[in-house]
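A predicted structure for the sequence below; I have some questions about it.
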Amino acid sequence: MKATVLIATHRQSALLYRTLCSIAAAELPTEVEQVVVVENGEKDGKTEGVCGEFSKLLPVRYCYHEPAGKSRALNWVLRTQVSSEF
């Protein structure tokens, strides 16, 4: 079974950086296929860059969903960006 780590964020690039540092330092199960970061609401101009910094350490993918709201962002990313295996 494959697994995906989903992270929704809004104007929290410093916290996202620390979160991705922790994930990169962890011994991830082989089932973890990708880390998907979805930024929602107004773009802060930093989130995509933070994801880029980790692209060589993690299978991280950045997505943007305009409407604000964590639930909206996570539901959108599950419907449109994550494998249909779920």
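Right, received. Where do you want to start? Numbers count the residues shown, from 1 in each chain.

how far away is residue 4 from residue 49?
Applying Cβ to Cβ, to the nearest Å, the value for residue 4 to residue 49 is 22 Å. Every C-beta, even on glycine, is put in place using the N, C-alpha and C of the backbone.

these two: who's more crowded?
Comparing residue 4 with residue 49 by other Cβ atoms under 10 Å, the one with more neighbours is residue 4, at 19 against 12.

mind pulling up the pLDDT for the more buried one?
We have a pLDDT of 91 for residue 4.

doesn't residue 35 make contact with it?
Yes - here residue 4 reaches residue 35: they are 7.5 Å apart, a contact under Cβ atoms under 8 Å.

check which residues of whichever strand or helix holds residue 72 are buried.
Assigning secondary structure by DSSP states H and E places residue 72 in helix 70-80. In terms of neighbour count (16 or more other Cβ atoms under 10 Å), helix 70-80 has its buried residues at 72, 73, 74, 76, 77.

swap in stretch 18-26?
Of the residues in stretch 18-26, 19, 20, 23 count as buried by neighbour count, 16+ other Cβ under 10 Å.

beyond the host helix or strand of the last one, next helix or strand please.
With elements taken from DSSP H and E, the one containing residue 23 is helix 13-25. Sequence-wise, the next helix or strand downstream of helix 13-25 (DSSP H and E) is strand 32-40.

list the helices and strands that next one packs on?
The contact analysis (3 or more Cβ pairs under 8 Å, 6 or more residues apart in numbering; DSSP states H and E) places strand 32-40 against strand 3-9, helix 13-25, helix 47-53, strand 60-65, helix 70-80.

pipe those into a markdown table and attach distance to residue 31 per row.
Compiled in a markdown table, those are given as follows (distance: least, Cβ to Cβ, whole Å):
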| stretch | distance to residue 31 |
| --- | --- |
| strand 3-9 | 5 |
| helix 13-25 | 14 |
| helix 47-53 | 21 |
| strand 60-65 | 16 |
| helix 70-80 | 17 |
